[in-house]
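Visitor: Got a sequence here, can you build the structure:
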Amino acid sequence: MSLKLFYAPGACSFVPHSLLELAGAEFEPALVKLHKGEQRSAEYLALNPHGQVPLLVDGGEAITQIVAIVLHIDARFPQAGLLPPSGMARTRALSTLMWMNNTVHPTFTHVFMPQKFTDDAGAQAAIKQHAVAVYRGLLGELEATAAHAGPWLGGEHPGALDAYALTLLRWGGFAGIDPETCPATWTLAQRFAALPAVARVVEREKLQLNVYKPA
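Guide: Numbering: from 1, shown residues only. Sure thing, here's the model as predicted:
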């Protein structure tokens, strides 16, 4: 079956993008230019009515939502060890994955796109300011996890948790959070990005890992 991943540089689609490369999958990467509104085109909405990335098309079946896509890729390529295969290790990894997706990720949305939650400019500024503080705390929780993990967040193999951790820490730079204040996570992110498979994704997406700029 053919695989096609619709992604946007630096978005959470980096996670499945990395996993497909780590798994050695044959897939077609399809760039979606969010700044040009390509996610709202009729052609794209026909595949994903939510108008979001990532979107994975597998043999004609369109799969949306990052956790569903991650689990699908893990099931398709179990030999890659993208998540622990079973037992409590898998349960804990899934717990961390869900937390990243339903707690940390939405908090950054409040930082990056406060206009999604109110059209009041003053309220938007307050939402962003509050969300930055919350996000900093959540990265602190991630840092504690990274400090006690090894060699990778999910165990012996690099995978989904490491890709998401890199993404979330990188986003912190846009929120004014220096990644070097999270040394264990920053070291993990750099080590993950240096893997040949992941380096191909970083190059394809033209990513700068550290986007933090001191005030």
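Visitor: Can you tell me how far residue 205 is from residue 61?
Guide: Distance of residue 205 to residue 61, given as CB to CB, to the nearest Å: 25 Å. Just so you know, the C-beta spots here come from the backbone N, C-alpha and C atoms, and that holds for glycine as well.
Visitor: More neighbours: which of those two?
Guide: Under the criterion of other CB atoms under 10 Å, the comparison of residue 205 against residue 61 puts residue 205 first, with 18 against 9.
Visitor: isn't that one right next to residue 10, touching?
Guide: Yes - here residue 205 reaches residue 10: they are 6.4 Å apart, a contact under CB atoms under 8 Å.
Visitor: which neighbours do the two share?
Guide: Taking CB atoms under 8 Å, 6 or more residues apart in numbering as the criterion, residue 205 and residue 10 do not both touch any residue.
Visitor: domains for the chain, by residue range?
Guide: 3-80, 87-195 (automatic domain parsing).
Visitor: Which neighbouring elements make contact with the longest helix seen in the chain?
Guide: When the chain is parsed with DSSP state H, its longest helix is helix 121-147. In terms of contacts (3 or more CB pairs under 8 Å, 6 or more residues apart in numbering; DSSP states H and E), helix 121-147 is packed against helix 105-112, helix 160-174, helix 183-193.
Visitor: Mind putting these into JSON lines with distance to residue 81 and mean pLDDT?
Guide: Shown next, in JSON lines, are the helices and strands packed on helix 121-147 (distance: least, CB to CB, whole Å; pLDDT from 0 to 100):
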{"stretch": "helix 105-112", "distance to residue 81": "23", "mean pLDDT": "97"}
{"stretch": "helix 160-174", "distance to residue 81": "10", "mean pLDDT": "98"}
{"stretch": "helix 183-193", "distance to residue 81": "14", "mean pLDDT": "98"}
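Visitor: shaky segments in this structure?
Guide: 1 (pLDDT under 70).
Visitor: run the last query once more with 90
Guide: Counting by pLDDT under 90, the chain has low-confidence residues at 1, 60, 150, 214-215.
Visitor: Geometrically speaking, which residue is the centre of it?
Guide: Residue closest to the average C-alpha location in the chain (CA atoms, centre = their mean): residue 12, at 3.3 Å.
Visitor: In three-state terms, label it for me.
Guide: Here residue 12 is recorded as coil under DSSP: H, G, I helix; E, B strand; the rest coil.
Visitor: give the contact list for the closest residue in space to it that isn't next to it in sequence.
Guide: Leaving aside its chain neighbours, residue 12 sits nearest to residue 66 (5.4 Å; criterion: CB to CB, 6 or more residues apart in numbering). By CB under 8 Å, 6+ apart, the contact list for residue 66 reads 12, 13, 15, 16, 54, 101.
Visitor: Which one (most neighbours) among the residues you listed?
Guide: Among those, the one with the most neighbours (other CB under 10 Å) is residue 15, at 31 neighbours.
Visitor: so it touches residue 67, yeah?
Guide: No - counting by CB under 8 Å, residue 15 stays clear of residue 67, with 9.5 Å between them.
Visitor: if we can go back for a sec, quick one: closest of the domains of the chain to residue 201.
Guide: Taking CB to CB, domain 3-80 is the member of the domains of the chain nearest to residue 201, at 4.9 Å.
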